[in-house]
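Participant: task: produce atomic coordinates for the following.
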Amino acid sequence: MLVHLLYASRAAHAMSSPDLAAILKQSREHNAGEGITGLLCHSDGVFMQLLEGGRDAVNARYQRIASDPRHKDVILLSYTEIAEREFAGWTMGQVNLHRLNPGLVLKYSATSLLDPYSMSGRAMLSLFRELVSSGAIECS
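Facilitator: Have a look, this model is predicted:
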């Protein structure tokens, strides 16, 4: 059974570009072996991540994230059974915030600021889908 899991968390400490690159590298290495795909967005100390894959693998990964001391205020935004993957091309794609149109965020949020704590999981998932179709995802 395949699932989507969407969560948000706050970074426990300030994240540098090399810190984020190391997290992405580690995620991509582990995800490939566990059959997990998805997207990661980091903005102003907040992580938003969508994981998709087998239920057991995704649940185990989320439990590790929730107990990781680099994360705090972890909140589950959405958990859904799916028939097929939407983000199969990425072991972990990264949202390029330089390509993020504030109007696109405003379409799904009360303000143009990307704040998953004030958005529904459904709205965040719709935003991620639009980011994919607009080419705002990096995979390197």
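Participant: could you use CA atoms for every contact and neighbour count after this?
Facilitator: OK.
Participant: per-residue confidence averaged over the longest strand seen in the chain?
Facilitator: Counting residues, the longest strand in the chain under DSSP state E turns out to be strand 71-82. Across strand 71-82, pLDDT averages out at 95.
Participant: contacts only, for the nearest residue to Met124 once chain neighbours are set aside.
Facilitator: Sequence neighbours aside, Pro116 is the residue nearest to Met124 in space, at 6.9 Å (criterion: C-alpha to C-alpha, 6 or more residues apart in numbering). Contact analysis of Pro116 by C-alpha atoms under 8 Å, 6 or more residues apart in numbering lists Ala8, Met48, Met124.
Participant: okay if I get these as a markdown table plus neighbour count and pLDDT?
Facilitator: Below are the contacts of Pro116 laid out as a markdown table (neighbours: other C-alpha atoms under 10 Å; pLDDT from 0 to 100):
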| residue | neighbour count | pLDDT |
| --- | --- | --- |
| Ala8 | 27 | 93 |
| Met48 | 24 | 86 |
| Met124 | 25 | 87 |
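Participant: which one of the residues you listed is nearest Val74?
Facilitator: Ala8 (5.8 Å; C-alpha to C-alpha).
Participant: quick one, phi/psi of the closest one?
Facilitator: phi -130, psi 150 (degrees, to the nearest 10).
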